[in-house]
Structure formats: structure tokens, C-alpha cells
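Participant: below is the structure, and that's it, no one-letter string:
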């Protein structure tokens, strides 16, 4: 009964957002819970369909004609098994999906769980606590890895002429065995993350960095997947030989999925041994790491940091408010990833465009020569591209709602609402202006704009950052929401963020559109200057509204 309760509690934590409203902290109605699970099921089906297309692309190697052509050309040995290669590669993707999909949940659910102190203080053996956590890890690994493994098996049964009942049975068994191996990798990585994070002062930047790396790898694989498939199919035998040489363990998994019972037993046996070793090692280190990575375990460090801040010199109200906003932004991975993603994407895209300018500029020049309407569209196109990415930065929009129940702290300080809003705006502009200005300059250089046009576009980019910050901040003061239990709600689920994003994109369409239309009847540089002046006027009006009406409203909150 104890183990059952622990397992039920563990899975309840994973799906707590489906039963509890993050905004109010109250239980959701049965209809809303059902709708959430239906939406989750639809998302899983969509991912399965997406991976089915990838499996269909790789499934071309199962065609007997492809194998015969490779063997006739001397590129494949007589023992080349396309089914083994197919399942080995799809199995690797399944393992990677399961590992990266659950590694952070493993770290947060095992070592950083809020109830570790409570459970360890109760008469519950630590191994049972660890076992319940591991069962939760296995459940997540099964969910993520099955999204790739199941479509792979279905595609194999459709395309392969060598399907046998034994192969189908072993594929079904591997569906539940592969997550055990994924759990081993996840636990090892989560253990490393727990050890490293216990020695780091600011874990948020590490979380953001790892997330950005994962995003980058994902999009790189998506863009290069077609080329990878063509290369793989034409060099399938060489890839198969390399996999057999370096990752023979995973090739046993692929052979087992094609119907080899011996290979299936070897893969299952090694996986079982790894699981036992992992459990024994974690059972020795779980108690120590769980206590030293828990939030309560860092109380000593928090006291030291607080004492260091008290001993520091006094700051002006403006600087103190700015540092307060900056600390909130940098201490929340959710805030940084969702409201500041454009800060990273803008420079990356700009550098890529600058490097590849010689490849796309001739095509753009030829396109501009085909119609008089496109002749002066180069500068507006640059502004449109950079502005689209700059509008993603919504740092100021949720900043008011994020005050939450701590709003009384600001009200008790000798500062005005105008000073608080100016600090929030300064954070948005100081973080967002430099990437936007640098990006518009690089893209302008890549597009061959004149020096004067580049200067005006830099000013335009700076003013656009000010515009998005002002509009989002005014909207946040006008429609604040302090009744939330999780910061994810005002950052990701609030309508304010969506409205600010749409307003940024709308202005990004309107202003470059006016610049392009004015360029049809006057000099393009002059039209750019007039558009920049119009943007400065809009920013001035919004700034006046923020300093008067919005500041007065903030004082009344």
C-alpha cells in the first residue's frame, strides 16, 4: 500500500497542471480536465504522425531493390540487413527522444522535489522513495520513446517484405524494454545535473543554455533531415558497418526487432544489468544529493548572499529597481526562454545571413528587377525580417503581473509608480536594443544598403524595441493579473503576452509597409527617415502615457 501511494503521488505531480488551475490554485472541473487530456492526446498523435513521416523516409532502405543495388555495386556485404539498420537508427532516435524529454523532469522529480525532506523524515525506507521516483521516470521514458518506436514498427510492418509474427511480438516487447535503458541514461544525466547544480550559484543560465542547445539541435536536425536520409540510403551499408563496430549493443536491439530472439535476449539482459547497477548506485547517493540540492538545503547560502547584499553600498532608487527587475529575469528560466528568446535568435540569424549573403543576394537583385514595385523593397524587407524576431521579446509585458502577492513590497518602498515602470522599461530596452541594432546593421550590410540607410535602420530598430517595451508595459498595467500560483501563467498563458506579440507584429507590418509605399514616390532613404520619425513620435506618445496615466493606475493597484 505504501509503494502504491508513493507511485500515485509521483504521477500526480507530473500531471498536476491538468488537475489544478495554475492561475487560481483551485481544482479544475471534470470537463476541463477531460479537455486537457484530450488536447494532450491530440498532441501525442500529431508527434506520432510527424515521426511516421521520418520513418517512411528511412523506410526506403527496406526496399529489396535498394539492397540488391547496393550489393551489386559492391557497397553492401552479403550479411547486410536493412531491417537491422532501420530499427537501430529509429531506436537511437527513440532513446534520444525519451532521454531529452524526461531528463529535466527526472532531475526535478527525484533530487529537487519539494517533498524530499518530508518523505525522508517519515518512517519510509529511502529505497522505496527512490523506487517510486524511478517508476515515474520509467513512465515518462515510455511515453516519449513510444512516440517514435510505435510509428517505426507500424511503418516497418507496412513496407518490409520480411515481417514475421516473431518480429511483431519482439517489437511489442521492446516497446517496454527500451524505456528501461532510457531510464538508465536519464538517471545518469539527472544525477550529473544534480551534482553540478549543487555547486552552481545561478542554475537558471545553465537551464537556459541547455534548452537553447536542445532547440538548436532539434531545428538543425529538422532542416538537414532530408539530406541526411538521402546520404544514409546511398551509404546504408557503410553506416550499418559503422554501427556494428561502435554501438553493437544497439544493433542487438535492431536485430531483436527484426525477429532475432538471441539478440533480443542479449539486449534485454544488458539493460537489466544496467538498471540494477543504476538502482544500487543511486540508492547510495540519493539521500545525500536530495538533501543538498533541495531548496531548503541552500538556506545557508541564501543567508550568506543576503548578508553580502546588506553589506554592499547603498544604491539609488532607479538603480535598485532596475537590479531588482534584472534579478527576477535572470533567476527564472521560464521568463528568459519565453520572453527573451529573440535576444539569442536575432544575432544568430543575422550572422548566418551575413555569411551567406553571396548566395541569396543575386536572387533578390534579380527579383527586384522584375517589377518596379519591388525595386525599393530591400530596406523594408530588412526591417520586416528583424522586426518580426524583435517582437518576440516581451520582457516588459508580464513584469507587472509577476509582482503577484509581493506588490505590497513596492507599495511600502519610498518609490513612485513612475519610477517602477521606468525600471521595467529600462530592463526591456537595455536587454533588447543591442541585439536588434546589431542584427539590423548586419542584415543591412548583407543586403548592400548604403551607410546612411544602415544608420537610420539602427535608429529604427532601437525605437522599435522602445515601442514594444512601452506597449507591453502599458498593457500589463491596464490588465494586470495577480491571482496566479505559478509564474508560468502570466509568462506563457496570459492574453497580455499574446496581445503584445500581435501588436508588435502589426506595427512591424505597418511601418515597413509605409516605408515601402513612400519609397514609390520619393527617395527610399528619405522615406526611411520619415518612417523613423513617425516611429519616434509614437514612442514619445506612449512614453507620455506610461509616465502619467499608467503610473497613476499602478499607484492605485
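Facilitator: Yes, it's here. Fair warning: this is a prediction, and the values are worked out from it, not measured in the lab. Numbers count the residues shown, from 1 in each chain.

Participant: strands along the stretch 401-550 of the chain, start to end?
Facilitator: In the stretch 401-550 of the chain, no strands are defined using DSSP state E, counting those that start in this stretch.

Participant: helices along that one, start to end?
Facilitator: 407-412, 417-446, 451-478, 488, 495-519, 524-545 (DSSP state H, counting those that start in this stretch).

Participant: let me know the average pLDDT across the last one.
Facilitator: By that I understand helix 524-545. Per-region confidence: helix 524-545 scores 92 on mean pLDDT.

Participant: pull the distance from it to the chain's centre.
Facilitator: In this view, helix 524-545 has its centroid 34 Å away from the chain centroid, taken as CA atoms, centre = their mean, to the nearest Å.

Participant: pull out the buried residues from it.
Facilitator: 524-525, 527-529, 531-532, 534-536, 538-539, 542-543, 545 (16 or more other CB atoms under 10 Å). For glycine as for every other residue, the C-beta is placed from the backbone atoms N, C-alpha and C.

Participant: and the angle from it to helix 495-519?
Facilitator: Helix 524-545 runs at 150 degrees relative to helix 495-519, counting by axes from the mean of the first three to the mean of the last three CA atoms, to 10 degrees.

Participant: who does helix 524-545 touch, helix- and strand-wise?
Facilitator: If you count contacts as 3 or more CB pairs under 8 Å, 6 or more residues apart in numbering; DSSP states H and E, helix 524-545 packs onto helix 451-478, helix 495-519.

Participant: so for residue 159, which of those sits nearest?
Facilitator: Nearest to residue 159, of all the helices and strands packed on helix 524-545, is helix 495-519, at 42.4 Å by CB to CB.

Participant: poorly predicted segments of the stretch 401-550 of the chain, please.
Facilitator: Within the stretch 401-550 of the chain, the segments meeting pLDDT under 70 span 485.

Participant: which positions within the helix or strand containing residue 154 qualify as buried?
Facilitator: Assigned by DSSP states H and E, residue 154 falls within helix 126-159. In terms of neighbour count (16+ other CB under 10 Å), helix 126-159 has its buried residues at 129-134, 136-153, 155-156, 159.

Participant: and stretch 176-186, by the same measure?
Facilitator: For stretch 176-186, using 16+ other CB under 10 Å, the buried residues are 177, 178, 179, 180, 181, 182, 183, 184, 185, 186.

Participant: cool, and stretch 473-484?
Facilitator: 473, 474, 475, 476, 477, 480, 481, 484.

Participant: backbone phi and psi for the residue nearest to the fourth one when sequence neighbours are not counted, please?
Facilitator: Spatial nearest neighbour of residue 476, excluding adjacent residues (CB to CB, 6 or more residues apart in numbering): residue 400 at 3.9 Å. When quoted as degrees, to the nearest 10, the phi and psi of residue 400 stand at phi -70, psi -50.

Participant: with distance to residue 52 added, can I get the helices and strands packed on helix 524-545 in a markdown table?
Facilitator: Output for these, formatted as a markdown table (distance: least, CB to CB, whole Å):
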| stretch | distance to residue 52 |
| --- | --- |
| helix 451-478 | 39 |
| helix 495-519 | 31 |
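
Participant: which one of the ones you listed lies closest to residue 392?
Facilitator: Nearest of the helices and strands packed on helix 524-545 to residue 392, taken as CB to CB: helix 495-519 at 7.1 Å.

Participant: next, the angle helix 451-478 makes with the closest one.
Facilitator: Here the directions of helix 495-519 and helix 451-478 differ by 150 degrees (the same axes, to 10 degrees).

Participant: contacts for helix 495-519, please.
Facilitator: Identification of contacts with helix 495-519 by CB atoms under 8 Å, 6 or more residues apart in numbering yields 338-339, 376-377, 379-381, 383-384, 387-388, 390-392, 394, 397-398, 401, 460, 464, 467-468, 471-472, 475-476, 479, 481, 490-491, 526-528, 530-531, 534-535.

Participant: any quick ChimeraX command for the buried ones out of these?
Facilitator: Selection of the buried residues among these in ChimeraX, burial being defined by 16+ other CB under 10 Å:
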select :338,339,376,377,379,380,381,383,384,387,388,390,391,392,394,397,398,401,460,464,467,468,471,472,475,476,481,490,491,527,528,531,534,535
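
Participant: just to revisit the earlier point, out of the buried residues of helix 524-545, who's nearest residue 326?
Facilitator: Distances from residue 326 to the buried residues of helix 524-545, taken by CB to CB, are shortest for residue 543, at 20.9 Å.

Participant: so that closest one sits right up against residue 470, yeah?
Facilitator: Yes: with contacts counted by CB atoms under 8 Å, residue 543 reaches residue 470, the gap being 6.0 Å.

Participant: please name every helix or strand in contact with the helix holding residue 154.
Facilitator: helix 2-14, helix 30-58, helix 82-106, helix 116-121, helix 165-197, helix 261-293.

Participant: pLDDT (mean, whole number) over that helix?
Facilitator: Helix 126-159 comes out with an average pLDDT of 88.

Participant: before we move on, the earlier item: mind listing what the residue nearest to residue 476 touches?
Facilitator: By CB under 8 Å, 6+ apart, residue 400 lies in contact with 424, 473, 476, 477, 480, 554.

Participant: what angle do helix 82-106 and the helix holding residue 154 make with each other?
Facilitator: Going by the same axes, to 10 degrees, helix 126-159 makes 150 degrees with helix 82-106.
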